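> Need coordinates for the below:
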Amino acid sequence: ISGASGGTLTVNKVGSLSNPKVGQNNAQLTEFKLTTATEAGTVKRMRWLNGGTVKDADISNIVVKLLDGTQVATGTMNGNSYLDLDFGAGYKIIKGDNRVFQVFGNLAGKKDETIKLYLELNADTLAVGDQYGFGMAITDDDLDVVGDAHSLTLQGGDLTLAFGGPTATNIGTDTSDTHF
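As a prediction, this is how the structure comes out:
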């Protein structure tokens, strides 16, 4: 359609995240807001790059939820530091509206390893406009370099060792049936 402008989708970093613990389940990995303009859009997929040091194998059971806890997508680490989010048939955001999404996952790894998820390229997000049926223009300047990402550092847990055994006693050298 000559002279018509397609829709745009803007990605912004939002929220303030706390550092997760090693071994934590359902830890929040990132939080972002998607805003549509010109036309409504259906988000189909996103690909995030982990600029941190946690290995892909140490992040599992990834889900994307809305602020109300509704799960809208799943994710997998693909082995090359990329997190692929699959919105299935898609998540629709009406024209001029926005939604905040939270990404959660189970963590392994080691103390002081980091997670820094960001969108390397505009093409890492696919949203289809409902008016024209084409991919929307993506603006992700707020999350397009590692320095823009939420920076999470894995925290180690506390381990306390305590002796709960018998008190020390002297044992003779020629005794039998002595319990230790």
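> Can you tell me the SS state at Ile62?
strand (DSSP: H, G, I helix; E, B strand; the rest coil).
> In this model Ile115 seems to touch it, though I could be wrong.
No. Applying Cβ atoms under 8 Å, one finds Ile62 not in contact with Ile115, separated by 11.5 Å. Every residue, glycine included, has its C-beta placed from N, CA and C.
> got any ranges where this structure has weak pLDDT?
Within the chain, the ranges that satisfy pLDDT under 70 run 1-5, 157-158, 160, 165-166, 179-180.
> Need the residue closest to the centroid of it.
Nearest to the mean C-alpha position of the chain, by Cα atoms, centre = their mean, lies Leu29 at 3.1 Å.
> quick one: the strands in the chain?
Taking DSSP state E as the criterion, the chain carries its strands at 8-13, 27-37, 41-50, 59-66, 71-77, 82-93, 98-107, 114-115, 117-118, 125-129, 137-139, 152-153.
> got a list of what Val11 touches?
For Val11, the contact set (Cβ atoms under 8 Å, 6 or more residues apart in numbering) comprises Phe32, Lys33, Leu34, Leu119, Thr125, Ile138, Thr139, Asp140, Asp142, Leu143.
> In the sheet, which residues pair with it? Tell me.
Leu34 (DSSP bridges).
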